[in-house]
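Student: Here's a sequence, model it:
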Amino acid sequence: MRKAAFIAVIVGSASLITAGAVLAKGGPGRHGMNMSFEEIDADGNGEITQAEMEMMKAARFAAADTDGDGALSLDELKAQGLKKVEQHAAAMLERHDANGDGMLSQDELPKPRRSGHMFEHMDADGNGAISKAEFDEARNHMRHRGMGKHRPGQQPDAQTEQN
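Tutor: Presented below is the predicted three-dimensional model:
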């Protein structure tokens, strides 16, 4: 029994140390493929363990749980979402502000990928315009591929099947 308690203390201490290292490296603000190997490898031993991945997840949760109650409220979730939107907007401005004036003109905005291709695909008869029938056909095709399903809070079209 004493041995089990000792092992539990060691594992718990290692978890805290790993979480501290994750936080020290700025872990919770970035995640997934945006993180470097070194950020995930909290103990710096050249290997990423499942425990390090779990500690990264726990550290991100703890950073979002600003009141420390072990649950994320709507306000905490909105704050995290707002933080991500602000980071994305700042990165977008930095990346696309060609003239350096701190603003994006319409010409500086990134062009949507495949926008021309999408129009050509929807214009089935190739007449340079999309009819209501072509629009409906393209939308139904995307829904069948799982791409345009209605979201919670939106009313599905009359044609959309209800489960």
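Student: Would you mind splitting this protein into its domains for me?
Tutor: Domains of the chain are assigned by automatic domain parsing as 2-64, 70-104, 115-144.
Student: how about these in CSV, adding mean pLDDT?
Tutor: Output for the domains of the chain, formatted as CSV (pLDDT from 0 to 100):
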stretch, mean pLDDT
domain 2-64, 67
domain 70-104, 94
domain 115-144, 87
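Student: Just send these back as TSV, with mean neighbour count too.
Tutor: To be clear about C-beta, it is placed using only N, CA and C from the backbone, and glycine gets the same treatment. Formatted as TSV, those follow (neighbours: other C-beta atoms under 10 Å):
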stretch	mean neighbour count
domain 2-64	14
domain 70-104	11
domain 115-144	12
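Student: where along this structure do the strands fall?
Tutor: Counting by DSSP state E, the chain has no strands to list.
Student: Going by residue numbers, what spans are helices in it?
Tutor: Counting by DSSP state H, the chain has helices at residues 2-24, 37-40, 50-64, 74-96, 115-122, 132-144.
Student: Just the CA atoms from stretch 122-142 would do, formatted as PDB, please.
Tutor: C-alpha atoms of stretch 122-142 as PDB (Å, rounded to 0.1, in the frame of the first residue of the first chain):
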ATOM      1  CA  MET A 122     -22.100  25.600 -60.300                       C
ATOM      2  CA  ASP A 123     -22.600  27.100 -63.800                       C
ATOM      3  CA  ALA A 124     -23.400  23.700 -65.200                       C
ATOM      4  CA  ASP A 125     -24.500  25.000 -68.700                       C
ATOM      5  CA  GLY A 126     -21.500  27.200 -69.000                       C
ATOM      6  CA  ASN A 127     -23.500  30.400 -69.900                       C
ATOM      7  CA  GLY A 128     -21.600  32.600 -67.400                       C
ATOM      8  CA  ALA A 129     -24.500  32.800 -64.900                       C
ATOM      9  CA  ILE A 130     -25.900  30.500 -62.200                       C
ATOM     10  CA  SER A 131     -29.600  29.900 -62.500                       C
ATOM     11  CA  LYS A 132     -31.800  29.000 -59.400                       C
ATOM     12  CA  ALA A 133     -31.900  25.400 -60.700                       C
ATOM     13  CA  GLU A 134     -28.100  25.200 -60.900                       C
ATOM     14  CA  PHE A 135     -27.700  26.800 -57.500                       C
ATOM     15  CA  ASP A 136     -30.200  24.400 -55.900                       C
ATOM     16  CA  GLU A 137     -28.500  21.400 -57.700                       C
ATOM     17  CA  ALA A 138     -25.000  22.500 -56.400                       C
ATOM     18  CA  ARG A 139     -26.300  23.000 -52.900                       C
ATOM     19  CA  ASN A 140     -28.000  19.600 -52.800                       C
ATOM     20  CA  HIS A 141     -24.800  18.000 -54.200                       C
ATOM     21  CA  MET A 142     -22.800  19.600 -51.400                       C
END
